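S.K.: whatever this is, show me its structure:
(2 chains, ligands or ions: 2)
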Amino acid sequence: MSILVFANTAKNEVHKSAYEVVSYGSQLAQKTGDTVTALVIGDATNISSLSDYGADKIIHVKDAKLSSFQPSLLAQAINQIAEAEGSKIIVFSHDLTGKAIAPLVAVGLKAGLVTGAVAIPETENGFIVKKAVFSGKAYAHVKINTDKKVISVNPNAVEKVENKKSANESEATVNLGEARIKVIEQKIESTDIPLTEAEKVVSAGRGLKGPENWGMIEELAKLLGAATACSRPVSDMDWRPHHEHVGQTGIAIRPNLYIAIGISGAIQHLAGVNQSKVIVVINTDPEAPFFKSADYGIVGDAFEVVPKLIEAAKAMNI
Amino acid sequence: MKILVCISKVPDTTSKIAFTDGNSKFDTNGVQFIINPYDEWYALVRALELKEANGGSVTVINVGLADNDPTIRKALAIGADDAVRVNLDPKDAMDAAQQIADYASANGYELVLCGKETIDYNGSQMGGMIAAILNQEFISNATKLDMNGNTATIERDIQGGTEVLELNIPFVVSAAKGMAEARIPNMRGIMAARTKPLTVVEPSASFNATEVLTYELPPAKGSCKMISADNPAELLDLLRNEAKIL
Ligand SMILES: Cc1cc2nc3c(=O)[nH]c(=O)nc-3n(C[C@H](O)[C@H](O)[C@H](O)COP(=O)(O)OP(=O)(O)OC[C@H]3O[C@@H](n4cnc5c(N)ncnc54)[C@H](O)[C@@H]3O)c2cc1C
Ligand SMILES: Nc1ncnc2c1ncn2[C@@H]1O[C@H](COP(=O)(O)O)[C@@H](O)[C@H]1O
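M.R.: Residues are numbered from 1 along each chain as shown, chains lettered A, B, ... in the order given. Ligands and ions are numbered 1, 2, ... in the order given. Just a heads-up that it's a prediction; the model follows:
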């Protein structure tokens, strides 16, 4: 049997998260003795590259009804392919696309669903998936009791592992209902690195005193190839856009590097960033709680330290 | 329009996260419970604003046991007209979604709102499941919701950006930040909440597609390496040569 992996695309290319989930499916398949089928919906030029991470088979679905984002139709398409392939395990990325469709697929297939998986399932005593809970403050080991299973994997949580296959590629057709959602306008961020996907993030809080002081934050981020983020009061006061707000009530991120400048490190803020691999804190107050969760710290005034960092980054050609 | 808002009860955001019974249960000792922030601040308040502008009614629904009632009363204090509690400790999201979908379809709700996720289980599952069971559309992570007659204009977060769309009722929406501004219940609301109806209904058949076996806390961070404010270049050097991330 095959594990069906939904491979996301963006801007006509296979998305980075697709390699992660295909790799996840492939490592799981080694435990269960299954093969891996990657499903690509819509246009993408480089779908063959999915076989580098363990896809034994690649199915490509092109249907005009799926040219806009129609979660219910996507779920229909996935369920039909899952039936045709006899797939009992379906894997998604737990990104905004996965969040919109995985629950629909689970209902359609009468499958148990675990979202936000952070490790390859244990299969020795039942099927057990480790997932992040309490906004990254803990993990749960969740057993799926149903015959069919749907898993969505946290972005950046599981490394992609190369596993070259010579995959068989084919096109498949699906039989879809009517599109009910009328998309009026789409705004895709083109230049900036989307925060949820960024490997490095420079973030600042109320310690920066006002929106006019974000120039140096943006400059540092640009030099490091990082996205920018902020604490909740900063977005509440409209110093920065809402989509930069990280934390318990904003978005949760897990970059390789998180630099927090003038942020105290309240528990609700930490909830959104504590899964970052390396945390750097810059704060005038040596007692700021954030230092307890940090790997590297500088006690100092952001208005002095950040310009020096920018100079150093330029000098080091970072 | 008849609006149904799904509310869940979660530990206060500052709660200490600890487990008991061989790490199989969340330790509720000394924990304060609140309405899940996305449900309260965004889904419920936007539902109330839509009712204030266009008429109709707002019902809140929770799947849980009687100890959830004080949390449900808070939603009434904020302004919901009535409340329903399905008397079941749900095994998982599918279990709860089935109960809510059954209630919504039996009682002719035209719009179901929920939060984008609970801050304890972090599922992001329920809204989509309710929609799929009802065979309605699911709009996830919506940041704006306006109604014009039977047609809604919605802004939602999608991978890499945002999207504006139109859709006719009935449908299910999960709410994210931006949809409304949190409201603090006033004295009149709190008094009125005492006499507003909180109906308890018995569940339909329950099942457990998934179950949590155990919990685990992440390993504690090692100590933080301090760098002098006079020499931030050292930080970049460490990030490059020690942490190997630059
Ligand atoms: C239910 C609930 C949910 C919440 N959700 C979130 C959330 O999702 N995300 C979030 O971020 N917050 C959230 N909060 C708010 C949170 O509790 C904190 O209030 C918030 O994170 C503080 O933001 P801050 O660190 O930017 O500001 P402050 O707490 O004011 O901290 C500013 C920091 O800057 C330092 N500083 C001052 N001047 C300088 C300088 N010149 N150079 C360097 N450092 C300086 C200070 O020492 C201080 O540590 C939530 C709160 C509640 C009640
Ligand atoms: N027991 C429950 N009763 C009512 N609504 C719930 C319950 N659990 C979750 N919800 C709703 O579903 C949303 C998403 O929850 P989840 O899928 O568990 O992350 C929450 O924000 C609530 O609106």
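S.K.: contacts, neighbours, all on C-alpha from now
M.R.: Fine.
S.K.: and chain A, what are its domain boundaries?
M.R.: Structural domains assigned to chain A are A:2-172, A:195-316, following automatic domain parsing.
S.K.: what's the closest of those to residue B:103?
M.R.: domain A:2-172 (17.3 Å; Cα to Cα).
S.K.: out of the domains of chain A, flag the one nearest residue B:84.
M.R.: domain A:2-172 (23.8 Å).
S.K.: span of that closest one from start to end?
M.R.: 16 Å (Cα to Cα, to the nearest Å).
S.K.: any bit of that domain sitting next to chain B?
M.R.: Yes: Domain A:2-172 lies within reach of chain B by Cα under 8 Å from any Cα of the partner chain, at A:71-72, A:95-97, A:99-104, A:106-108, A:111-116, A:132-135, A:137-146.
S.K.: the residues you listed in helices, which ones?
M.R.: A:71-72, A:96-97, A:99-104, A:106-108 (DSSP state H).
S.K.: now for those, which pair is the farthest apart?
M.R.: A:96 and A:108 (19.3 Å).
S.K.: sorry, back to before: dump the domains of chain A into TSV; add mean pLDDT as well.
M.R.: Listed next are the domains of chain A as TSV, based on pLDDT from 0 to 100:
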stretch	mean pLDDT
domain A:2-172	96
domain A:195-316	95
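S.K.: would JSON lines of these with mean neighbour count be doable?
M.R.: JSON lines is the format used below for those (neighbours: other Cα atoms under 10 Å in any protein chain shown):
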{"stretch": "domain A:2-172", "mean neighbour count": "21"}
{"stretch": "domain A:195-316", "mean neighbour count": "20"}
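S.K.: residues of chain B that sit close to ligand 1?
M.R.: Neighbours of ligand 1 within chain B, by Cα under 6 Å from any ligand atom: residue B:13.
S.K.: need the residue closest to the centroid of chain B.
M.R.: Nearest residue to the geometric centre of chain B (Cα atoms, centre = their mean): residue B:115, 3.2 Å.
S.K.: give the contact list for it.
M.R.: Counting by Cα atoms under 8 Å, 6 or more residues apart in numbering or on different chains, residue B:115 touches B:6, B:7, B:36, B:37, B:38, B:39, B:42, B:43, B:127, B:174, B:175, B:176.
S.K.: go again using 6 Å as the cut-off
M.R.: Contacts for residue B:115 (Cα atoms under 6 Å, 6 or more residues apart in numbering or on different chains) come out as B:38, B:39, B:174, B:175.
S.K.: am I right that the third one is in a helix?
M.R.: Think residue B:174. No: counting by DSSP: H, G, I helix; E, B strand; the rest coil, residue B:174 falls outside a helix, being strand.
S.K.: please report how far it lies from residue B:7.
M.R.: For residue B:174 relative to residue B:7 (Cα to Cα), the value is 11 Å.
S.K.: ranges for the helices of chain A?
M.R.: Using DSSP H, helices in chain A cover A:16-32, A:71-85, A:96-109, A:215-224, A:232-236, A:267-273, A:302-315.
S.K.: now chain B
M.R.: Under DSSP H, chain B gives helices at B:37, B:45-54, B:69-78, B:93-106, B:126-134, B:187-195, B:233-241.
S.K.: can you put these in CSV and add mean pLDDT and distance to residue B:142?
M.R.: Converted to CSV, the helices of chain B look like this (pLDDT from 0 to 100; distance: least, Cα to Cα, whole Å):
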stretch, mean pLDDT, distance to residue B:142
helix B:37, 96, 15
helix B:45-54, 97, 11
helix B:69-78, 98, 21
helix B:93-106, 97, 19
helix B:126-134, 98, 12
helix B:187-195, 94, 27
helix B:233-241, 95, 37
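S.K.: so which of those is nearest ligand 2?
M.R.: Ligand 2 sits nearest to helix B:126-134 of all the helices of chain B, at 3.9 Å, using Cα to the nearest ligand atom.
S.K.: what is the distance between the closest one and the centre of its chain?
M.R.: 14 Å (Cα atoms, centre = their mean, to the nearest Å).
S.K.: next, the angle helix B:93-106 makes with it.
M.R.: On the basis of axes from the mean of the first three to the mean of the last three Cα atoms, to 10 degrees, helix B:126-134 is oriented at 50 degrees to helix B:93-106.
S.K.: got the angle between helix B:126-134 and helix A:71-85?
M.R.: 70 degrees.
S.K.: residue B:221: neighbour count?
M.R.: 11 (other Cα atoms under 10 Å in any protein chain shown).
S.K.: would you mind measuring from it to residue A:295?
M.R.: Between residue B:221 and residue A:295 the distance is 8 Å, computed by Cα to Cα.
S.K.: for residue A:267, same thing?
M.R.: For residue A:267, the distance to residue A:295 (Cα to Cα) stands at 17 Å.
S.K.: got it, and residue A:235?
M.R.: Distance, residue A:235 to residue A:295, using Cα to Cα: 26 Å.
S.K.: go on, residue A:27?
M.R.: Distance from residue A:27 to residue A:295, by Cα to Cα: 31 Å.
S.K.: tell me which of residue B:174 and residue B:7 has more neighbours.
M.R.: Legend: neighbour count by other Cα under 10 Å for residue B:174 and residue B:7, higher for residue B:174 (29 against 26).
S.K.: if the more buried one is in a bridge, with which residues?
M.R.: residue B:114 (DSSP bridges).
S.K.: and the contacts of stretch B:198-208?
M.R.: So stretch B:198-208 is in contact with B:83, B:84, B:85, B:86, B:87, B:91, B:95, going by Cα under 6 Å, 6+ apart.
S.K.: give me the buried entries from the residues you listed.
M.R.: Among those, those classed as buried by 16 or more other Cα atoms under 10 Å in any protein chain shown are B:83, B:84, B:85, B:86, B:87, B:95.
S.K.: from ligand 1, how far off is the second one?
M.R.: Okay, so that is residue B:84. 24 Å (Cα to the nearest ligand atom, to the nearest Å).
S.K.: how close does that residue get to residue B:202?
M.R.: Computed as Cα to Cα, the residue B:84 to residue B:202 distance reads 10 Å.
S.K.: do the fourth one as well
M.R.: Residue B:86 is 6 Å from residue B:202, where distance means Cα to Cα.
S.K.: and what of the third one?
M.R.: Noted for residue B:85: a distance of 9 Å to residue B:202, by Cα to Cα.
S.K.: what pairs with the lengthiest strand in chain B, parallel or antiparallel?
M.R.: Using DSSP state E, we find that the single longest strand of chain B is strand B:137-148. Strand B:137-148 pairs in its sheet with strand B:151-158 (antiparallel), strand B:171-175 (parallel), by DSSP bridges.
S.K.: quick check: buried residues in it?
M.R.: The neighbour-count check on strand B:137-148 (16+ other Cα under 10 Å) flags B:137, B:138, B:139, B:140, B:141, B:142, B:143, B:144, B:145, B:147 as buried.
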